[in-house]
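A.B. asks: Provided below for reference: sequence and predicted model.
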Amino acid sequence: MHDTDELALRARPYTAVALLALLIVAALPACLALTRGDDMALLGPRDAFRWSVTPGTDPSMIEAHFTVADGYYLYQDRMTFSASDGVRLGAPRFPEAMLRPDDVLARDEPVHRGTFVVAIPVEPGGQRDFTLTAQMQGCAEGRVCFPPETRAAPVHLAGP
C-alpha cells in the first residue's frame with residue numbers, strides 16, 4: 001500500500017466526523033427557529049386581529065375591543081373609524097401604544113399587541129342604530145405585513 005492510500009484510510013473517520021459537525025452547524029438555525037415558534041402557520045388577518053364593538057358605559061361612547069394574536073401587532077396610526085347613516089364620531093381614544101422601530105419608514109411607530117379597547121365618542125343627535133367601520137393594518141412580527149383591511153360591525157345604542 002502507498003503512503004497516500006494509508007493516509008486516506010486513516011482520514012476517513014475524521015472526514016465523517018467533520019461532515020457530521022458541518023451538518024449540525026448548518027441545521028442549527030432551523031432548530032433555533034423551531035424553538036422560537038417561527039414554524040407556526042401564518043394566521044390570516046381575520047384570525048390574527050379579532051374585534052368586536054359594544055356600547056360604552058357612557059351612552060355617548062362606543063368601545064372597539066381588539067384581541068391581537070401572539071406574535072402579531074396592529075399599527076395605531078393606520079387605524080381609523082367611521083359610521084354609517086350620518087352618525088358623527090369624535091376622535092378615538094387609544095390606550096397607550098408601544099413604540100416599535102420601523103425600518104422602512106425609518107422611525108418608531110405606535111403599535112398595539114394583546115387585548116386593548118379603543119373608546120370612540122358618538123356625537124349626540126344621530127341614529128341609535130348604525131354600522132361602525134374600522135380600517136386597520138397589522139403585521140406578523142418579522143414575517144409579513146398584511147394589506148390594510150376594512151371591517152364593519154353593527155352598533156345599537158340605548159337611548160331616550
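C.D. replies: Looks like it came in fine.

A.B. asks: same question for stretch 82-102, mean pLDDT?
C.D. replies: Confidence for stretch 82-102, expressed as mean pLDDT, is 95.

A.B. asks: now do stretch 145-158: distance to the chain's middle.
C.D. replies: Distance, stretch centre to chain centre, for stretch 145-158: 16 Å (Cα atoms, centre = their mean, to the nearest Å).

A.B. asks: only the buried residues of that stretch, if you could.
C.D. replies: By neighbour count on 16 or more other Cβ atoms under 10 Å, the buried set for stretch 145-158 is 146, 151, 155, 157. All C-beta atoms are positioned from the backbone trio N, CA, C, and that covers glycine.

A.B. asks: from the residues you listed, which is closest to residue 100?
C.D. replies: residue 146 (15.5 Å; Cβ to Cβ).

A.B. asks: and the closest one, what does it touch?
C.D. replies: Neighbour list for residue 146: 45, 48, 137-140 [criterion: Cβ atoms under 8 Å, 6 or more residues apart in numbering].

A.B. asks: among those residues, which are located in helices?
C.D. replies: Among the contacts of residue 146, the residues falling in helices (DSSP state H) are 45, 48.

A.B. asks: need the helices for the protein, in chain order.
C.D. replies: Using DSSP H, helices in the chain cover 3-36, 45-48.

A.B. asks: mean pLDDT for those: which is lowest?
C.D. replies: Going by mean pLDDT, the lowest-scoring of those is helix 3-36, which has a mean of 49.

A.B. asks: circling back to that earlier point, and of the buried residues of stretch 145-158, the nearest to residue 67?
C.D. replies: Closest approach to residue 67 among the buried residues of stretch 145-158 (Cβ to Cβ): residue 151, at 13.3 Å.

A.B. asks: ok, the closest one touching residue 133?
C.D. replies: Yes: between residue 151 and residue 133 there is a contact under Cβ atoms under 8 Å: 7.2 Å.

A.B. asks: give the burial count for residue 126, as a bare number.
C.D. replies: 15 (other Cβ atoms under 10 Å).
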